[in-house]
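K.L.:
Starting from these lines, generate the structure:
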Amino acid sequence: MTTDQTRGEVEGRDTGETASHWWHRDHPTSVALAGFFTGMLSVTIVPGAYAGILRLLFRYDTAERLFPYVLVMLVVPLCLVLVPRTRRFGQFMFIGMVLTTLVVLCVASLVLYFMVRSQG
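P.N.:
Residues are numbered from 1 along each chain as shown. Model (predicted):
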């Protein structure tokens, strides 16, 4: 890459690369947003898909015994944080996982509280 190409990319001139490529490559919040939403989706989708696959492949008692192994997915952000190139993505993935879990637990506890209170 020549100096003119680099200068053109910084100034926003068209150097053959699309604008969306610049956004995903250089914008400081794209990695953070991608990591956060990946963490959010991994907490919501992975356990459900894992439970469904276990239930299809095994009897209920075996699937119930194997379900705690879904916690292995918590190792993914840890591995990402250890590698310098993916550290920021891994940090925000972990933040997305923790915040999503907290929101789900808070909403579930409030719903349970109001259901019990309305029945009593």
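
K.L.:
which residues sit in contact with residue 70?
P.N.:
With contact taken as C-beta atoms under 8 Å, 6 or more residues apart in numbering, residue 70 is in contact with 46-47, 50-51. Bear in mind the C-beta positions are built from the backbone N, C-alpha and C, glycine included.

K.L.:
so what's it scoring on pLDDT?
P.N.:
We have a pLDDT of 91 for residue 70.

K.L.:
ditto for residue 28
P.N.:
pLDDT, residue 28: 74.

K.L.:
for the one 4 residues further on, same thing?
P.N.:
Looking at residue 32, its pLDDT stands at 90.

K.L.:
again, but for residue 82
P.N.:
Looking at residue 82, its pLDDT stands at 93.

K.L.:
what does residue 10 give?
P.N.:
52.

K.L.:
Could you pull out the helices in the chain for me?
P.N.:
For the chain, helices defined by DSSP state H occupy the ranges 3-11, 19-26, 28-57, 60-66, 75-82, 87-119.

K.L.:
need the least confident one among those helices, by mean pLDDT.
P.N.:
With a mean of 51, helix 3-11 has the lowest mean pLDDT of the helices of the chain.

K.L.:
about what we covered before: most neighbours among the contacts of residue 70, which one?
P.N.:
residue 50 (17 neighbours; other C-beta atoms under 10 Å).

K.L.:
Could you measure from the closest residue to that residue other than its chain neighbours over to residue 114?
P.N.:
Distance criterion C-beta to C-beta, 6 or more residues apart in numbering; nearest residue to residue 50, sequence neighbours excluded, is residue 70 at 4.7 Å. In this view, residue 70 and residue 114 are 29 Å apart by C-beta to C-beta, to the nearest Å.

K.L.:
do residue 55 as well
P.N.:
Using C-beta to C-beta, one gets 31 Å for the distance from residue 55 to residue 114.

K.L.:
The two: which is more packed in?
P.N.:
Using other C-beta under 10 Å as the criterion, residue 55 and residue 114 rank with residue 55 on top: 14 against 10.

K.L.:
residues touching that one, list them.
P.N.:
By C-beta under 8 Å, 6+ apart, the contact set of residue 55 is residue 63.
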